[in-house]
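1. no sequence for this one, just the structure:
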């Protein structure tokens with residue numbers, strides 16, 4: 001039984017990895033399900049056993065990218081139970097967050113195509129699932145240390161996370177965007193404004 005489960009996971013993983021490369025290279029519209037199964041060395045039956053359609057496959061790819069991004073951000077900052085300043089933790093996470101979106105494949109899948117392919121609500125739910133919990137933990141630590149001005153924690157985390165995502169989207173959207181330094185300056189000022 002466990003071998004069958006492992007085979008299923010392996011098949012799903014191969015399909016997601018193949019689709020990720022193709023979506024990053026050709027975009028959603030330019031990627032056919034036939035190209036995905038061919039690249040993964042699978043059958044169409046295997047694809048449709050794991051995914052309802054190409055959009056469902058794209059959502060799995062987006063989840064894969066977001067999970068990887070969340071791991072990278074978590075690994076870039078000191079442990080939450082350490083003595084570090086929560087403001088520095090947020091700032092460090094912000095820089096890693098923006099660094100990751102400089103990767104053209106990540107930018108295309110997450111920022112440029114994700115909202116269009118999945119619709120804003122579904123895309124936004126995935127974004128929040130991977131980034132919001134980490135941010136809430138850091139802000140919660142800052143509240144416990146009495147470093148933050150009194151604001152509703154959940155709302156603050158959502159607004160700050162929205163600012164981070166919007167900053168990344170600004171950098172990804174066109175040639176008329178602000179520089180990364182300008183985006184970081186604004187986000188840093190926003191973060192600094194939260195502390196006593």
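-> Perfect, thanks for sending it. Just so you know, these numbers come straight off a predicted model, no measurement behind them.

2. which residues of this structure score low on pLDDT?
-> Within the chain, the ranges that satisfy pLDDT under 70 run 1, 76-87, 174-175, 177.

3. per-domain residue ranges of it.
-> Per automatic domain parsing, the domain ranges recorded for the chain read 1-51, 53-192.

4. Need the ones you listed in a markdown table (columns: mean neighbour count).
-> Where you see a C-beta, it was placed from the backbone N, CA and C, and this is true even at glycine. Below are those laid out as a markdown table (neighbours: other Cβ atoms under 10 Å):
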| stretch | mean neighbour count |
| --- | --- |
| domain 1-51 | 15 |
| domain 53-192 | 16 |
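
5. How about residue 191: what's its closest non-neighbour residue?
-> In space, not counting the residues next to it along the chain, residue 191 is nearest to residue 90; the distance is 5.4 Å by Cβ to Cβ, 6 or more residues apart in numbering.

6. Same check on residue 40?
-> By the measure of Cβ to Cβ, 6+ apart, the closest residue to residue 40 outside its immediate chain neighbours is residue 18, 3.8 Å from it.

7. what comes into contact with the helix or strand harbouring that neighbour?
-> In this assignment (DSSP states H and E), residue 18 forms part of helix 2-26. For helix 2-26, contacts defined as Cβ atoms under 8 Å, 6 or more residues apart in numbering pick out 31, 35-37, 39-42, 46-47, 49-51, 57-58, 60-61, 64-65, 104-105, 108-109, 113.

8. The residue nearest the centre of the chain: what's it in contact with?
-> Closest residue to the average C-alpha location of the chain: residue 66 at 3.4 Å, with Cα atoms, centre = their mean. Residues near residue 66 by Cβ under 8 Å, 6+ apart: 110, 126-127, 129-131.

9. could you redo the last one with a cut-off of 7 Å?
-> By Cβ atoms under 7 Å, 6 or more residues apart in numbering, the contact set of residue 66 is 110, 126-127, 130.
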